[in-house]
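**Q** Any chance you could fold what I've pasted below:
(chains A and B)
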Amino acid sequence: MNNKLLTTTLFLSLATGSMTATANDAKTVNPEADRQAMIKYMMDMHGSNKIDGKPITLDDFGHGALIFSDDAYQQFKSVEEFPPYVEHIDEGKKLWNKPFANGKTYNTCAGLNGDLKKVKAMYPYFDDARGEVINLEQAINECRTANGEKPYAYAGRDKELSDLLTYLADESRGQKISVKIDSPGALEAYKLGEMVFHTRRGQLNQSCANCHVSSAGRKIRSEILSPMLGHVTHFPVYRASAGNIVTLQQRYVGCIESVRGFPFPANGKEFKALELYESYMSNGLTLNGPAYRK
Amino acid sequence: MVKSQWVSKLAQALLVTTIMATASVATAAEEKKLSTVEEGKKLAFSNSKGNCIACHMIAGGEEPGEIGPPLMAMQARYPDRQKLFDKIWGKPGVELMPESQMLPFGKHKVLTDDEINKIVDFMYTL
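**A** As a prediction, the model looks like this:
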């Protein structure tokens, strides 16, 4: 076990570059230290950027690549006044309140039955009893199967699920991300997510960190790369170019395909771990989804 | 007289043909040279091939990315052609930075050696 830990960490240090290598001492993985190091790196690199005439705050990272262009940010703000994704929120709301064949609704399921404003912010979390990461889409699907309904396909393949996520994101606006890594199982999942994030993959040999840590703020072709900090706050996003809702996992799939890699199975262990890792790094940031993107 | 006229005509014709032949050989060689540069440029700019422009500023390319350094004065900076080839191919040990985001185009079979050679021809015009 200790040996395995050591090899994983060594592998990680090799694969991830100096920043994480120093954060990950050979014996201990310290998510909190990783997070602080990431914040420091991002603030050192981009903290002097200005939007609305003011230097950006940590919370502004929730706006993704918009923090690098005040023009794009202003355009985003004006679009937000009459957001084009409203119909998806409305559709999601209808689906949320529509009784299943057995007459029950989502808010009768454990994990979904609390204060609606706080539902999304509970996810993702590591369930010790079940030994796996549970995210919001999985909770929705488990509620469906428990009530005799068919589960939805993950990663944007079912529009109804995307609309439900859009509605819950909108309800949760203003809540803070607070993911806990407080058990050995959770730590393992965190480490898997970290590895997925930092491992180069695909024929084009790029890691998430290459594009969203080292090169964040720079243009790839004509697109400015968003920083990983804040990635999860605003999902799902409405993509104007496609005219549809894109879920977080759908984006993960898209990014892996863009480097000619093979995406992990939808809502499988790796993607849920990646979501856990990215969410943990964004702890304390405000949920501000759904968001408009060009 | 008639005969000599004919001879001189023939000589002229031969001369012209030879000149033309030489000229056309030269043009063909030049065309070939030009076309590897042109092909290299196409490969470097194409989305599905090199897509170098996604990360590098390159003269003549629109909407360049900013991930890698501008590619300019390449012949002066890489007088050893093999070094430039190796850099693009992704030979171990030629990275400028250990965590370089530069793609190993040959190693990962994104481009063939022949394609990389054409890109190097193009790079030498920058």
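
**Q** contacting residues for residue A:91?
**A** Shown in contact with residue A:91 (C-beta atoms under 8 Å, 6 or more residues apart in numbering or on different chains): A:160, A:163, A:166, A:167. (Glycine included, C-beta is placed from N, CA and C.)

**Q** Take the residues you listed and write them to TSV, including secondary structure.
**A** Converted to TSV, the contacts of residue A:91 look like this (DSSP: H, G, I helix; E, B strand; the rest coil):
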residue	secondary structure
A:160	helix
A:163	helix
A:166	helix
A:167	helix
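
**Q** Most neighbours among those, which one is it?
**A** Within these, neighbour counts (other C-beta atoms under 10 Å in any protein chain shown) peak at residue A:166, which reaches 27 neighbours.

**Q** elements contacting whichever strand or helix holds residue A:278?
**A** Using DSSP states H and E, residue A:278 sits in helix A:269-281. Secondary-structure packing of helix A:269-281 (3 or more C-beta pairs under 8 Å, 6 or more residues apart in numbering or on different chains; DSSP states H and E): helix A:31-46, strand A:132-134, helix A:184-198, helix A:248-258.

**Q** Reformat those as JSON lines; add mean neighbour count and mean pLDDT.
**A** Listed next are the helices and strands packed on helix A:269-281 as JSON lines, based on neighbours: other C-beta atoms under 10 Å in any protein chain shown; pLDDT from 0 to 100:
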{"stretch": "helix A:31-46", "mean neighbour count": "16", "mean pLDDT": "97"}
{"stretch": "strand A:132-134", "mean neighbour count": "20", "mean pLDDT": "98"}
{"stretch": "helix A:184-198", "mean neighbour count": "21", "mean pLDDT": "97"}
{"stretch": "helix A:248-258", "mean neighbour count": "19", "mean pLDDT": "97"}
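
**Q** got a markdown table for the ones you listed, with distance to chain B too?
**A** Below are the helices and strands packed on helix A:269-281 laid out as a markdown table (distance: least, C-beta to the nearest C-beta, whole Å):
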| stretch | distance to chain B |
| --- | --- |
| helix A:31-46 | 13 |
| strand A:132-134 | 28 |
| helix A:184-198 | 10 |
| helix A:248-258 | 10 |
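
**Q** Take these and lay them out in TSV including distance to residue B:93.
**A** Output for those, formatted as TSV (distance: least, C-beta to C-beta, whole Å):
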stretch	distance to residue B:93
helix A:31-46	27
strand A:132-134	39
helix A:184-198	22
helix A:248-258	28
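
**Q** and after the helix or strand bottoming out on mean pLDDT in chain B, which helix or strand comes next?
**A** None of the helices or strands of chain B scores lower by mean pLDDT, DSSP states H and E than helix B:2-45, at a mean of 60. Note on helix B:2-45: by DSSP H and E, the next helix or strand toward the C-terminus is helix B:74-77.

**Q** Using PDB, list the CA coordinates for the helix or strand that that following helix is followed by.
**A** For helix B:74-77, the following helix or strand on the C-terminal side (DSSP H and E) is helix B:81-89. What follows is helix B:81-89, C-alpha atoms only, in PDB (Å, rounded to 0.1, in the frame of the first residue of the first chain):
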ATOM      1  CA  ARG B  81      18.500  21.300 -39.900                       C
ATOM      2  CA  GLN B  82      18.400  18.100 -38.000                       C
ATOM      3  CA  LYS B  83      17.900  19.900 -34.700                       C
ATOM      4  CA  LEU B  84      14.900  21.600 -36.100                       C
ATOM      5  CA  PHE B  85      13.600  18.300 -37.500                       C
ATOM      6  CA  ASP B  86      14.100  16.600 -34.100                       C
ATOM      7  CA  LYS B  87      12.400  19.400 -32.200                       C
ATOM      8  CA  ILE B  88       9.300  19.000 -34.300                       C
ATOM      9  CA  TRP B  89       9.500  15.200 -34.400                       C
END
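
**Q** in the helix holding residue A:278, what counts as buried?
**A** Buried residues in helix A:269-281, defined by neighbour count with 16 or more other C-beta atoms under 10 Å in any protein chain shown: A:270, A:271, A:272, A:273, A:274, A:275, A:276, A:277, A:278, A:279, A:280, A:281.

**Q** what's near enough to touch the nearest residue to the first one once chain neighbours are set aside?
**A** By that I understand residue A:270. Using C-beta to C-beta, 6 or more residues apart in numbering or on different chains and skipping the chain neighbours, the partner closest in space to residue A:270 is residue A:264 (4.0 Å). The contact partners of residue A:264, by C-beta under 8 Å, 6+ apart, come to A:196, A:256, A:270, A:271.

**Q** show me what contacts the third one?
**A** Each residue near residue A:270 by C-beta under 8 Å, 6+ apart is listed here: A:192, A:193, A:196, A:264.

**Q** Of those, which is the nearest to residue B:79?
**A** For the contacts of residue A:270, the residue nearest residue B:79 by C-beta to C-beta is residue A:196; the value is 41.8 Å.

**Q** Residue A:276 is in contact with the closest one, correct?
**A** No - applying C-beta atoms under 8 Å, one finds residue A:196 not in contact with residue A:276, separated by 10.2 Å.
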